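[1] predicted model and sequence follow; I will ask about them next.
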Amino acid sequence: MTPVAPAGKEGRPSTGPVQATVANHEMRPAPRDGTPAQAPTASAPSVLESPGGPATTGGEPFRSLLFPGAADESREEVHEVPDFFRDLHLDRVVEAITAGRQEYDLVPFFHENLTDPDAVAYRQEVMRDMENGALRNAVSSFAERMRTRHRWSGLATRLRYPLERQRWHLASVEMYAEAVQGLSGDIATLDLASRGLRAFRAHLAAHAHSASFRTLVDEAREIADLYERIFAATAPEG
């Protein structure tokens, strides 16, 4: 089911009794005894948090697309621009590459000095795979859906009307589920050669098929359907 942003003036839904709590992969309708449910506060789970432990492809567990093995665990972000960047105008190159993607905080990755030849080869493998147009399209689609989810989730935290907040939060959870399922399906049959992307594909498939994720998807759909039925039943005629 494709998520749809809540309809109405400024996105405000009708004041039906649809309330939900989303936390730790769980979304549940409000109690039927009339007790108000708490407004949802947790964000949808990150696809990079492995369910039940890291997925593997028969070798190292997936941790990062930039660093092999456990190398990512000991690294420290470098926020200070290296002196030679300005001498070689690399600061301008990085600025152009990361333009429009400030929310990802990518700049520190370009400041790191890779001294491990295997880490260099690891990234080169990933970039060779990324020359595949189908893979690039899948990643771009996933990124756009996650940006939409982030906007809707942010909007939900700024709104004052409780049911309006909850409906936008529900929409963001639906978008998250669509993003994960879409990327997993899109890359499932692609010919990937890099260690990083092959491990990531296995990790993502394990997450998309996990019981907790399926519960999230099913309960989000159930609540969204209930909301639509209530909205249809209470909307003014004409």
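    Looks like it arrived, so ask away.

[2] buried residues in the helix or strand encompassing residue 228?
    Taking DSSP states H and E as the definition, residue 228 sits inside helix 211-234. Neighbour counts over helix 211-234 (16 or more other CB atoms under 10 Å) mark 213, 216, 217, 219, 220, 223, 224, 227, 230, 231 as buried. The way it works is simple: take the backbone N, C-alpha and C, and place the C-beta from them, glycine included.

[3] ditto for stretch 147-162
    The neighbour-count check on stretch 147-162 (16+ other CB under 10 Å) flags 148, 149, 150, 152, 153, 155, 156, 159 as buried.

[4] touching, the last one and residue 167? I think so.
    To tie it back to what came earlier, the one meant is residue 159. No - judged on CB atoms under 8 Å, residue 159 makes no contact with residue 167 at a distance of 9.3 Å.

[5] packing partners for the host helix or strand of residue 165?
    Element membership of residue 165 [criterion: DSSP H and E] is helix 162-187. In terms of contacts (3 or more CB pairs under 8 Å, 6 or more residues apart in numbering; DSSP states H and E), helix 162-187 is packed against strand 20-23, helix 133-158, helix 195-208, helix 211-234.

[6] show the pLDDT at the residue most central in space within the chain.
    The centroid of the chain falls nearest to residue 146 when counting by CA atoms, centre = their mean (4.8 Å). pLDDT recorded at residue 146 is 94.

[7] got it, and the one 5 residues further on?
    Reported pLDDT at residue 151 in the predicted model: 93.

[8] so the protein: which segments form each domain?
    Taking automatic domain parsing as the criterion, the chain consists of the domains 74-113, 116-238.
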